[in-house]
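Colleague: model this:
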Amino acid sequence: MTVAFFSGKRRRAAMALGAVSAGLLVLSACDKPTPLATVTVGTDSVHTEASCYNDGEAIKESLIQGCLNKKAKTSISVSSDDKIRFGVDPEIADNGWTIFLGGQQAEPEPYTKTYRTIPASAFFSAQGGEATNKTQVTIVETTGKKLTGIWQFELKKKS
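Modeller: Take a look at the predicted model:
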């Protein structure tokens with residue numbers, strides 16, 4: 001003979017409580033994702049999380065150059081007459097962000113809006129007499145003089 005310790009209603013309530021507890025435990029083990037940066041060309045869009053990010057704190061000076069030189073894992077194809085739209089999460093824009101090309105700063109002042117458009121031709125101009133077919137673009141979040149986040153994209157020129 002079996003004895004029921006709980007009625008059916010109490011058993012279901014206990015199982016529901018256990019499931020909720022297990023779900024909260026799983027969620028607490030997840031890392032908070034980094035803010036996203038997005039590049040859009042026409043109707044095509046790609047986005048990525050930061051390749052270097054320290055929860056909004058300054059990245060160590062010793063790591064910055066290595067982060068800037070990382071190869072982009074995300075790419076998008078563009079024609080020279082396309083307009084490239086860059087977008088960042090509001091928390092990146094609040095601090096300010098700038099574009100780097102080939103690991104070098106391309107703008108003097110940080111931009112503080114979440115969205116901007118730049119002609120693709122600006123990224124594929126001939127340097128030293130040679131035209132380039134791909135360019136690494138890096139979005140860098142700044143807080144004052146400190147770098148706090150780095151996102152990389154590769155622009156591939158359509159033939």
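
Colleague: going forward, measure contacts and count neighbours with C-alpha atoms only.
Modeller: Will do.

Colleague: right, and K71 touches Q152 too?
Modeller: Yes: counting by CA atoms under 8 Å, K71 does reach Q152; the two are 7.5 Å apart.

Colleague: the more surrounded of the two?
Modeller: Of the pair K71 and Q152, Q152 is the one with more neighbours under other CA atoms under 10 Å, namely 30 against 15.

Colleague: so who does N69 touch?
Modeller: Residues near N69 by CA atoms under 8 Å, 6 or more residues apart in numbering: G102, G103.

Colleague: one step back: which residues are in contact with each of K71 and Q152?
Modeller: Common contact partners of K71 and Q152 (CA under 8 Å, 6+ apart): Q136.

Colleague: where along this protein do the strands fall?
Modeller: With DSSP state E as the criterion, the chain has strands at 36-41, 44-49, 52-53, 75-78, 83-88, 97-101, 104-105, 115-119, 134-143, 146-157.

Colleague: would you map out the domains in the protein?
Modeller: Using automatic domain parsing, the domain parsing of the chain gives 1-30, 36-157.
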